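> With the input below, show me the fold.
(chains A, B, C and D)
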Protein chains: 2
Amino acid sequence: MLTIGSLAQKTGTKVQTIRYYEQIGMMPEPGRTAGGQRRYGNPELDRLAFIRHARQLGFSLEAIRELLDLSDQPDRPCHEADAIARRQLKQVEQRLARLEALRTELKRMVHECSGGQTADCRVLEVLRDHSECLTDHAGIGA
Amino acid sequence: MLTIGSLAQKTGTKVQTIRYYEQIGMMPEPGRTAGGQRRYGNPELDRLAFIRHARQLGFSLEAIRELLDLSDQPDRPCHEADAIARRQLKQVEQRLARLEALRTELKRMVHECSGGQTADCRVLEVLRDHSECLTDHAGIGA
DNA sequence: GCTTGAACCTCCAGTAGCTAGAGGATGTAC
DNA sequence: GTACATCCTCTAGCTACTGGAGGTTCAAGC
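This next block holds a predicted model:
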């Protein structure tokens, strides 16, 4: 049985954030002691770790809620889960492509820099390319 | 010369967001027409595209500002740029590892699902692991 | 050259996702 | 049985946007 503080520490979350997640329904209402303090188990630890990592990867709480729902309801209609999984997969692959481009460029900079010369910097260029995301932008946001 | 609206469209940004970035100094103050309307060129387009993609990858505006500074001052002290690049590279590689794990799991779900059966879902497990980030959490946030 | 409508302007208020602090109760270790 | 770290609720503030009111500008068509 974990206190909210130790759960926070294990997941690198602020105590307040955990209570906030409970408030908005991202985390379940945990058991309480006689005095009213929250006590958590391992399932909550896993769930919170997932949420935090997914947030660090740039997923919205809404998207994370969807992923968690996939996990919560393993016997839900298959086509529905499949559609969500496919949609998330597409997003994940787009992110991977961009992150890999950024990694390559940062590596190049680190290497050239170790050579003693500050190189011309092209970080900006590597995330400029719209070829993979034109479908996302086209006609949107105007 | 681009209007703020076409810049917004090309980058998938809201017009308001561009003005917000200008306000907080993430985007430079652009030229204006006699009537006071903003006009942008290609450098601003690249910069904004970079910001947006980096945001989608989960970087804070502060981290993005650092990356942009690398780009803005190619002749700054080498060790400084190098330190920033290395720090960002480390973050990027952590993100890549987690995203790859998530991709694998989503792929597995999509495959098993196409088989006609909703599989047991382990999305949650794949981002549970703390082995790579214990150093980040240890002692923090409590 | 004048009109007209989409797009622009500023300013301000609202949202998502946290984060910090006040003021007080609880729990465990001596 | 008393310290004192941690917990509780509540409220307010912060980052990163987003939307709307009320008014101005620009470019296309007459």
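> quick one: terminal-to-terminal distance for stretch A:17-35?
21 Å (C-alpha to C-alpha, to the nearest Å).
> close to DNA strand D, is that stretch?
Yes - for a cut-off given as C-beta under 7 Å from any atom of the strand, stretch A:17-35 has contacts with DNA strand D, namely A:19, A:32. Any C-beta I mention is one placed from the backbone N, CA and C, and that applies to glycine too.
> secondary structure element for the closest residue to residue A:103 other than its chain neighbours?
Leaving out its chain neighbours, the residue that sits closest to residue A:103 by C-beta to C-beta, 6 or more residues apart in numbering or on different chains is residue B:92, at 4.9 Å. Residue B:92 belongs to helix B:78-114 when assigned by DSSP states H and E.
> Residue A:28 now?
Using DSSP H and E, no helix or strand contains residue A:28.
> residues touching it, list them.
Listed by C-beta atoms under 8 Å, 6 or more residues apart in numbering or on different chains, the contact set of residue A:28 reads A:22, A:44, A:47.
> Report the entries of the residues you listed that also contact chain B.
Subset of the contacts of residue A:28 in contact with chain B: residue A:47, counting by C-beta under 8 Å from any C-beta of the partner chain.
> related to what we said a few turns ago, what about the residue nearest to residue A:103, how many neighbours?
22 (other C-beta atoms under 10 Å in any protein chain shown).
> looking at it, it is touching residue A:105, isn't it?
No - using C-beta atoms under 8 Å as the test, residue B:92 is too far from residue A:105 to be in contact (9.6 Å).
> Whether the helix or strand hosting residue A:50 contacts DNA strand D - can you check?
Residue A:50 belongs to helix A:42-56 when assigned by DSSP H and E. No - under the criterion of C-beta under 7 Å from any atom of the strand, helix A:42-56 makes no contact with DNA strand D; the nearest approach is 12.4 Å.
> Give me the buried positions along that helix.
Buried residues in helix A:42-56, counted by 16 or more other C-beta atoms under 10 Å in any protein chain shown: A:44-56.
> Where does confidence bottom out across these?
Among the buried residues of helix A:42-56, residue A:56 carries the weakest pLDDT, at 78.
> returning to that earlier point: helices and strands around the helix holding residue B:92, which ones?
Packing contacts for helix B:78-114, counted by 3 or more C-beta pairs under 8 Å, 6 or more residues apart in numbering or on different chains; DSSP states H and E, involve helix A:42-56, helix A:78-114, helix B:61-72, helix B:123-126.
> pLDDT of the last one, averaged?
Averaging the model's pLDDT scores along helix B:123-126 yields 67.
> low-confidence ranges in chain A?
Scanning chain A for pLDDT under 70 picks out the ranges A:73-81, A:112-142.
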